[in-house]
Every structure is written in structure tokens, then in C-alpha cells.
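> I'd like to go over a predicted model; first the sequence, then the structure.
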Amino acid sequence: MNLILVRHGETEFNRQRLILGRGPEPLNATGQAQALAAAVAVSRNAPFVLYSSPIVRTIQTAEAIASECSVAFTPMPGLEEIDAGDLEGLTGSQLQEQYPDVMRGWRNDPASAKMPNGESLGDVQNRTWAVINDIAQRHEDDTVVVVTHNFPIQAILCEALGMPLNNFRQLRVDLGSITQMDVRDSVFTMLSMNETWHL
């Protein structure tokens, strides 16, 4: 399988640097342009199978790809961004003021630090990795485009490359970026990471 991971385009929460988990924030104008640019970029890999996280911003990004490339897409539960719980919509300074213990845990052991009434990064990795393996089993010889989010992509890459999840910050995943991997016999080989030439 040729696996292409696409991060959704920009939302106003992203632009304002607010915590964005599973909220229904749509793409802004910049994000719509990023989605179209990503669609044009991945069109060179057609034909392909297209899956998306079932959250508004990823659905909109997948719709741009589906329209540009004349393919259908399937919303796939399990590919959602981390459930930020009570942190949704907060600024960095608000996080430090209101949840200093959570932020301390996030700095020291992010893999297991659970968001208040939400998830941990470990939870994200467990569910996204299960989805990716399911997709890989169903599409051994296909090219598959998966539209998802920052933490899911970082979590998938950590598992695929044998990196400790606590090292996720070493992996940069920009809005609208493309990351490609070859998957053969359960071995994941990095082909490219965080492509942004198209933006």
C-alpha cells in the first residue's frame, strides 16, 4: 500500500492558536485554498482510495480532494483529532493558568497525560493505529489517501517508525501538508514527510 497522509487546512482556531480537538470549526479561506492545493498535489497519485476523519475540517478537505480527483471518500471513525475535553478553545496562557498540573504532565509525559474529560496521546495512537492497520489489510496493493489531523499523524508516524510517543514533537506536520509511506508486509517505510511545496 502507498499511504498518503494529508493534514486538513487551516481553521480560525488554528490561526488564533486556540486548542482545537474535536470541535466543529470549518476551514477558513486560507484552509480552503490549502485543501485545494493538497487536492491538486495528490491528484498525480490517482487512482486512489480516500478516507477521512469525520470532523468538519477534515471532511471539507476530503471533499476538495474528492472533487478534484473524481473519487468518493469514506468518513472513518477513529481518525479524529485528540479529544481535548475541557481544554477545547483555550489559549496557551489560559491552559497554564487554569490547568497547570495537566500542562506539567503534558510537558513531562505527553503520551499518558490525559486531557480533562478527554483523551491522552496514547489513546489517539491506539485508535488511529488500529484504523491504519485495518486500511492496510483491506488495500494491500492500493494507493490510499487518509485526511486527518496533527496528533493522529504524529502518533501514526511514531508507531510506524518505532519512535517513543513522547518524542512526537520531533515530527512536524503542517496544515495542508502531505506525508507518504510505503507499507509492505506490515513494514512502514517513509517516502516523504510534511511536504508543503504545493501550498
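On my side now, so go ahead.
> What residues of the top helix by length along the chain count as buried?
For the chain, the longest helix by residue count, based on DSSP state H, is helix 121-138. Of the residues in helix 121-138, Leu121, Gly122, Asp123, Val124, Gln125, Arg127, Thr128, Trp129, Val131, Ile132, Ile135, Ala136 count as buried by neighbour count, 16 or more other C-beta atoms under 10 Å. Where you see a C-beta, it was placed from the backbone N, CA and C, and this is true even at glycine.
> how close does the third one get to Glu10?
In this case it means Asp123. Note on Asp123: its distance to Glu10, by C-beta to C-beta, to the nearest Å, is 25 Å.
> Asn194 contacts Gln180, correct?
No: checked against C-beta atoms under 8 Å, the pair Asn194 and Gln180 is beyond contact range at 10.4 Å.
> quick one: what helix or strand has Leu191 in it?
Using DSSP states H and E, Leu191 sits in strand 187-195.
> Mind checking the pLDDT average for that strand?
The average of the pLDDT scores along strand 187-195 is 97.
> Spatially, what comes nearest to the spatially most central residue of the chain if we skip its sequence neighbours?
Central residue of the chain (C-alpha atoms, centre = their mean): His149, 2.1 Å from the mean position. The shortest distance from His149 to any non-neighbouring residue, by C-beta to C-beta, 6 or more residues apart in numbering, is to Glu81 (3.7 Å).
> mind listing what's buried in the strand holding Leu191?
For strand 187-195, burial by neighbour count (16+ other C-beta under 10 Å) applies to Phe188, Met193, Glu195.
> mind listing what the residue of the chain positioned farthest from its centre touches?
The outermost residue of the chain, judged against the average C-alpha position, is Glu97 (27.7 Å), by C-alpha atoms, centre = their mean. Going by C-beta atoms under 8 Å, 6 or more residues apart in numbering, Glu97 touches no other residue.
> now swap in Asp86 and tell me
Counting by C-beta under 8 Å, 6+ apart, Asp86 has contacts Tyr99, Met115, Pro116, Asn117, Gly118.
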